[in-house]
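Participant: Below: sequence and its predicted model.
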Amino acid sequence: MEKNEVIPAFEMLLDEIDAVVMALNEEGAQLLTAGKYADARALIAKVESINAIRVKVQSLSEEWRRLSFKTVKKPGRKPRQAKLKPTARLGKGMRTPEEAFKLPLLKTLIEMGGAGRVSEVLDRMENHVKPMLTEPDYEPLSSTDEFRWRNTAKWARQELIYDGLLEKDSPYGIWTISDKGRAWVEKQSQEPMP
């Protein structure tokens, strides 16, 4: 596949959505701390709607990639140059995709007894994913100062919830593997898990 501007556009859109969600998460945490529970619930509903949009965009991006066609040059027109921010979306293949984090995340949860706090899960998971991480995966995102790989792993977690491999009703800040998730890991590993 030759250079295609659509895939980077999807990736830039996903980064922007990530930044919005992270900002809303911080705002929600402040509302909870201040005891403004009704406002926090309204914000949670908004974030859930945004997450649903993100899943649709991710799905469209994957569908576009599967088309695998060559870019058609329009006669008489120069290719449009994307106006990128200093921390713009990376080119295709420069960061580790969400899909690659799913099995290591679930294995980490199993090692932790089935559940764990987000930061602890990600800290421990790094040992599993370190060999596949790229230099850009260790770059901090401008919106949160969080390493890109940790942010991508959080989005992989969201996909795992949609797939039923993680519990959707875990307490805030805790990730919990489901029975379906354990079975999936066992099937992927072709050996019984603890």
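Facilitator: Structure received. Bear in mind the structure is a predicted one, so any value in this text is a computation, not a measurement. Residues are numbered from 1 along each chain as shown.
Participant: Only C-alpha atoms from now on, for both contacts and neighbour counts.
Facilitator: Noted.
Participant: Next, work out how far apart residue 161 and residue 30 are.
Facilitator: Remark: distance between residue 161 and residue 30 (CA to CA, to the nearest Å) = 25 Å.
Participant: ok, the two, which is more surrounded?
Facilitator: More crowded of residue 161 and residue 30, by other CA atoms under 10 Å: residue 161, with 19 against 13.
Participant: Isn't that one up against residue 169?
Facilitator: No. Checked against CA atoms under 8 Å, the pair residue 161 and residue 169 is beyond contact range at 9.4 Å.
Participant: Next one, pLDDT for the spatially most central residue of the chain please.
Facilitator: The centroid of the chain falls nearest to residue 155 when counting by CA atoms, centre = their mean (2.1 Å). Looking at residue 155, its pLDDT reads 89.
Participant: helices and strands around the helix or strand hosting residue 153, which ones?
Facilitator: Element membership of residue 153, judged by DSSP states H and E, is helix 148-162. Helices and strands touching helix 148-162, by 3 or more CA pairs under 8 Å, 6 or more residues apart in numbering; DSSP states H and E, are helix 99-111.
Participant: Quick one: mean pLDDT over the helix it packs on.
Facilitator: Across helix 99-111, pLDDT averages out at 94.
Participant: Who are the contact partners of the residue nearest to the centre of the chain?
Facilitator: residue 98 (CA atoms under 8 Å, 6 or more residues apart in numbering).
Participant: Please enumerate the helices of this protein.
Facilitator: 6-33, 37-67, 99-111, 118-129, 148-162, 179-189 (DSSP state H).
Participant: Just want the angle from the lowest-mean-pLDDT helix or strand in the chain to helix 148-162.
Facilitator: None of the helices or strands of the chain scores lower by mean pLDDT, DSSP states H and E than helix 6-33, at a mean of 78. Angle, helix 6-33 to helix 148-162, by axes from the mean of the first three to the mean of the last three CA atoms, to 10 degrees: 80 degrees.
Participant: Okay then, goodbye and thanks.
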